[in-house]
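Colleague: Structure for this input, please:
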Amino acid sequence: MSRRLPSWAGWGLALAVAAACCGLGTWQLQRMHAKQALLDASAQVLAERRPQPLALAADPARARGYDWASGRGRFADLPAVLLDNQNRDSRPGVRAYRVFEPEDGLPLLVDLGWLP
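Modeller: Okay, the predicted model is just below:
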């Protein structure tokens, strides 16, 4: 013998699912706007190409900012760190990183780019 839920319970469940989907859609839109703001900020820095000192790149208060940095130093005598399973235009590859030691300031992790 099966018991049926009252009709109000079904409607309540349907409304809860609809509200959850609306909340998820709003969250995705917020993520889209935040990502677009990051892309716009990096595009502006690339367009201006106004060099900043490397010490600015090591400032924790500027961790979320984008800057075009310039300075002297050398790469540390350490091997590159390769981040595997990176795709670009449907081609597999790796991203390479190295530690850079500026003449003045803290060491920085430098993104050397993507390699097929």
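Colleague: now the strands for the protein?
Modeller: Applying DSSP state E to the chain gives strands spanning 51-53, 68-70, 73-75, 81-88, 91-102, 108-115.
Colleague: Rounded mean pLDDT for the last one, please.
Modeller: This points to strand 108-115. Mean pLDDT, strand 108-115: 90.
Colleague: which residues touch it?
Modeller: 54, 57-58, 75, 80, 86, 88, 93-100, 102 (C-beta atoms under 8 Å, 6 or more residues apart in numbering). Placement of C-beta: from N, CA and C, glycine included.
Colleague: among these, who's most crowded?
Modeller: A57 (23 neighbours; other C-beta atoms under 10 Å).
Colleague: Quick check: it touching Y66?
Modeller: No. In this structure, A57 is not within contact of Y66 by C-beta atoms under 8 Å, at 10.0 Å.
Colleague: of the strands of the chain, which approaches A9 most closely?
Modeller: For these, distance to A9 was read as C-beta to C-beta. The smallest value, 45.6 Å, belongs to strand 81-88.
Colleague: Cool, thanks, talk later.
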